[in-house]
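**Q** need coordinates for the below:
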Amino acid sequence: MRLQLDISSRLLHAPDSELYGGAFGTAVGLASLGCAQMLAAELCPGASLIELVEAVRSLPYGRPSDRTVEGMLRERRGTCSTKHLFLARLLAERFPETDPKIVHRVYVLDRARAGELFGRDVAEVVVHEMGLVDVHRYLTIKLGEERIVIDATFPGEPWDGGSSLPLACGPGSDYPAGDNPNAEKRELETQHCDPAVREPFIAALANASQPQVATRD
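**A** Here you go, the predicted model:
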């Protein structure tokens, strides 16, 4: 358990600038011991590549109140930003041969595509007739001689461990991330997105992604 908690601590506190170097530094400590225990139980050192990807995919979509990897793990919910930052760190630590790379895609989401991806309620309530501009984060990883797409934003059909996962966005312009993925994504959002349109969409998407609670008659 001591080894598992040490791994969890390094992953939680790894700065963005150390994401690709494989060196996560020395963690000052865990802000939440319960969070580390939870992570150690689900993402034990012996977990396979498929298990790690599926564990992150299974987290419900939604912004944690603290928009960090630690906040995601503590609150058991995350967005494309926190999920893929965490997964990139995790794969760099456990499977360095996969060479995980963060990519940001700027794309236009129209009402029809929003309905296909997220359902009619989200599309009709939130997305303007002409659509909205969003910035989506995903990963590419190397498997053998091929580089494939990993999008862990939402759960779906189990990953086969060899082919690309479908992107939770439309076609657009891709921007490979550098040493500071979060700052780079914020800059793209500032340049391309209208918060008055985008923020309600993300809130509605999170609400629609929550598990439905059965009620009795």
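**Q** for the closest residue to Asp99 other than its chain neighbours, which residues make a bridge with it?
**A** In space, not counting the residues next to it along the chain, Asp99 is nearest to Lys142; the distance is 4.6 Å by C-beta to C-beta, 6 or more residues apart in numbering. C-betas here are computed from N, CA, C, even on glycine. Beta-bridge partners recorded for Lys142 (DSSP bridges): Arg147.
**Q** how close does Lys142 get to Ser48?
**A** 17 Å (C-beta to C-beta, to the nearest Å).
**Q** of those two, which one has the most company?
**A** Shown here are Lys142 and Ser48; by other C-beta atoms under 10 Å, Lys142 has more neighbours (14 against 11).
**Q** got a list of what that one touches?
**A** Neighbouring residues of Lys142 by C-beta atoms under 8 Å, 6 or more residues apart in numbering: Glu97, Thr98, Asp99.
**Q** then Val103?
**A** Arg137, Tyr138, Leu139, Thr140, Asp174, Tyr175, Pro176, Ala177.
**Q** can you confirm it is in a strand?
**A** Yes: assessed with DSSP: H, G, I helix; E, B strand; the rest coil, Val103 lies in a strand.
**Q** lowest average confidence, helix or strand, in this protein?
**A** helix 2-13 (a mean of 39; mean pLDDT, DSSP states H and E).
**Q** outline the domain layout of the protein.
**A** For the chain, the structural domains run 2-96, 98-209, going by automatic domain parsing.
**Q** check the offset of the host helix or strand of Leu91 from the chain's centre.
**A** Taking DSSP states H and E as the definition, one finds Leu91 inside helix 80-94. When distances are taken as C-alpha atoms, centre = their mean, to the nearest Å, helix 80-94 is centred 8 Å away from the chain's centroid.
**Q** next: stretch 135-150.
**A** 13 Å.
**Q** how long is that stretch end to end?
**A** 16 Å (C-alpha to C-alpha, to the nearest Å).
**Q** just stretch 58-75 next, same as before
**A** With C-alpha to C-alpha as the measure, stretch 58-75 spans 13 Å from end to end.
**Q** which parts of it are buried?
**A** For stretch 58-75, burial by neighbour count (16 or more other C-beta atoms under 10 Å) applies to 59, 61-64, 68-75.
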